[in-house]
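Asks: I would like to see how this sequence folds:
(2 chains)
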Amino acid sequence: MAILGDIARLIRSKNAGPFMLTFDVMFSDDETYRKVLRLKVLTKEVFCKIYNVPEKDVLFFEHDDAKAIKISIPRPYVQCDKDDGDVYGGQQHAPLVEIKIPD
Amino acid sequence: MIETRVLAATGMLGSGFLETSFQRGVSLKPHVIACDSGSTDAGPAHLGGEIPYFNREVIKRDFRLMLLGRNVTNAKLIIGSCGMAGGDWAVDWMRDIAMEIAREEKIHFKLALIKSEQDKNYLYKCLDEKRITSLYPSFDITKKHIEECTHIVGVMGKEPIEQALTMGADVILAGRTTDTSIYATVPIMNGCGEGPSWHAAKILECGTACTIQRKRPDSIFAYIREDHFDIEPLDLDARCTPQSVASHTLYENADPYLIKEPDGTLNTLKSKYEEIDHRTVRVFGSTYEKSDDYTIKIEGAKFGGYQTVIIAGVREPFIIRQVDSWLKNMTDKFKDRVKEMSSGTILENDYDITIKVYGRDGVMGKLEPNKNVLNHELCLLFIITAKSEVNSKKIAKSFAHFALHFPIPEWQGLISGLAFPFSPSEIYKGEVYHFNLNHVVRPSTPLEMFRTEMMEI
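Replies: Next up is the predicted model:
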């Protein structure tokens, strides 16, 4: 079974300012992008389950021109506060890479 | 046809660009040569602690080429968010570099310095007048939040830059600036469409980040007109595609379609991305919605103590399987040792020991879905923060020794449970800062929070 990381052009996370974290999942072609949306492998609900965050905190976007899904949440820790381990927020996307894609 | 040509030297001043790319941009006769020099991205230390992000010589290399490029084109040269956090000291730091380059190259220009640090009494007044509100995720602001900050900057929009240009500036060194204002101001002053100007600015501000397969930080060029803009990377081997340009509004923004500026919001929901040739993209349909509610975002950092860190590996399976209880017992017992060694002069709230367990959840913390997976080896990071430098170092030295030999029930006799990679095992890291504001101010005029000085160089 393939994983999302195999079929995406780029999966990344990053700060959107010191208080927000944003995730981009981008595809090379329209067909793969549409397929991922159709299979509902990455929805707001799926994201909340993986990251254990409440749905009310999640902004979820589909961006057709970028062929991308975008998700934003408040940072779990404010950037560089006591328990923050990721100044740029660049390594928070890892669990998305391993989302399984049904054949 | 109204057209403003904009040359973005690179995504961040000091990150570099190919001289050939930049010179190709210069040959296309830009009206503006610009570069962003900062962000909150690298954390609060740059704001709170007056620390520039890049080394002076590295900044000077990029800045010299830009000043020389301006000298032959007569373009306006604009650098925003000097020194990373845009503090007043950083604008002066850049001014000194500009003067040094001017002397060495025998060039002259009219320089504007725009300072963006905020007077606390002004902010207390705004607070009393209910002119400060929180951004999302929101928290209430009190006088104490302002008082605690070592530095507070306002993030300027295009108005202070416009004012400096009207005063005849050739080169502008600005404090904290929205990434987009650096690029959008001149096109808007020239009558280009506001939607295309702000959207082009958003794409330009990260240099070649909007290309497909970005090879390196490099220069990029935009032609901004009334109802569209064209964008092309200046290295002939690099390419923009409709998708790569569309993707860039996602970068570092919570919302991929709406980008907030002090006087309105860029809306890219109806933008259309067209391929002009295999390297150039045209963008139509972006709009700018002006707001009557003029707001300036403020950024502030407060001092959080002095840090010393200890890095240690653990490979022993008995320790790994009980790592949480081992660390908890260790830190609990250590409290008594601190009392003992300081004869009670260091109190519990004078210091903090935070421990990260790498190999489990050191990177993601509470977002980590695989919290229960423990690897065969772990890296522990002990962060000792104290109110004084002396105590930070003193506590860390004693903690390293205490932790090294802290027992587990399985073994009888003295153990050495931590593999330190360094001697001494503790590393003094210095002052620590925290972001303390996520707010906007409603100034009575767009200029009242910023101060401009003009100089002949």
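
Asks: do a quick rundown of the helices in chain A.
Replies: A:4-7, A:30-39, A:44-51, A:94-97 (DSSP state H).

Asks: tell me which of these is the most buried.
Replies: Comparing these by mean neighbour count (mean count of other C-beta atoms under 10 Å in any protein chain shown), helix A:94-97 ranks first with a mean of 18. Quick note: C-beta positions are derived from backbone N, CA and C, even for glycine.

Asks: and that one, average pLDDT?
Replies: Mean pLDDT, helix A:94-97: 97.

Asks: could the helices of chain A be laid out in TSV, adding distance to B:Phe318?
Replies: As requested, the helices of chain A are arranged in TSV below (distance: least, C-beta to C-beta, whole Å):
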stretch	distance to B:Phe318
helix A:4-7	35
helix A:30-39	44
helix A:44-51	32
helix A:94-97	29
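
Asks: now the strands for chain A?
Replies: For chain A, applying DSSP state E gives strands covering A:2-3, A:10-15, A:20-26, A:59-63, A:68-74, A:100-101.

Asks: out of the helices of chain A, which is closest to B:Lys120?
Replies: Closest approach to B:Lys120 among the helices of chain A is made by helix A:44-51 (38.0 Å; C-beta to C-beta).

Asks: can the closest one be said to contact chain B?
Replies: Yes - judged by C-beta under 8 Å from any C-beta of the partner chain, helix A:44-51 comes into contact with chain B through A:50-51.

Asks: which strands or helices does that helix pack on?
Replies: Packing partners of helix A:44-51 (3 or more C-beta pairs under 8 Å, 6 or more residues apart in numbering or on different chains; DSSP states H and E): strand A:68-74, helix A:94-97.

Asks: which residues does the first one contact?
Replies: Okay, so that is strand A:68-74. For strand A:68-74, the external contacting residues (C-beta atoms under 8 Å, 6 or more residues apart in numbering or on different chains) are A:16, A:19-27, A:33, A:36-37, A:42, A:44, A:47, A:51, A:53, A:57-63, B:136-137, B:247, B:250, B:254-256.

Asks: which of the residues you listed are buried?
Replies: Buried members of the contacts of strand A:68-74, scored by 16 or more other C-beta atoms under 10 Å in any protein chain shown, are A:16, A:19-27, A:33, A:36, A:42, A:47, A:51, A:53, A:58-61, A:63, B:247, B:250, B:254-256.

Asks: how far away is the most centrally placed residue in chain A from chain B?
Replies: Centroid-nearest residue in chain A: A:Phe23, 3.8 Å away (criterion: C-alpha atoms, centre = their mean). Distance from A:Phe23 to chain B, counting by C-beta to the nearest C-beta, to the nearest Å: 10 Å.

Asks: and whatever residue of the stretch 251-400 of chain B ends up closest to chain A, what does it touch?
Replies: Chain A sits closest to B:Ala254 of the stretch 251-400 of chain B, with a gap of 4.0 Å, by C-beta to the nearest C-beta. For B:Ala254, the contact set (C-beta under 8 Å, 6+ apart) comprises A:16-17, A:20, A:22, A:59, A:72.

Asks: pull out the buried residues from the host helix or strand of B:Glu57.
Replies: Assessed by DSSP states H and E, B:Glu57 sits inside helix B:56-73. By neighbour count with 16+ other C-beta under 10 Å, helix B:56-73 contains the buried residues B:59-71, B:73.

Asks: stretch B:292-309 now?
Replies: B:294-309.

Asks: ditto for stretch B:139-147
Replies: B:141, B:145-146.

Asks: before we move on, what about stretch B:18-38?
Replies: Neighbour counts using 16+ other C-beta under 10 Å place B:18, B:21-22, B:24-26, B:30-38 of stretch B:18-38 among the buried residues.

Asks: next, the contact list for B:Thr445, please.
Replies: Counted by C-beta under 8 Å, 6+ apart, B:Thr445 has zero contacts.

Asks: look up how far B:Gly38 lies from it.
Replies: 25 Å (C-beta to C-beta, to the nearest Å).

Asks: before we move on, which element is the one residue in the stretch 51-200 of chain B that gets nearest to chain A in?
Replies: Residue nearest to chain A within the stretch 51-200 of chain B (C-beta to the nearest C-beta): B:Pro137, separated by 4.0 Å. Under the criterion DSSP H and E, no helix or strand holds B:Pro137.

Asks: specify the beta-bridge partners of the closest residue to it other than its chain neighbours.
Replies: In this structure, B:Pro137 finds its nearest non-sequential neighbour in A:Pro74, 4.0 Å apart by C-beta to C-beta, 6 or more residues apart in numbering or on different chains. Listed by DSSP bridges, the beta-bridge partners for A:Pro74 are A:Met20.
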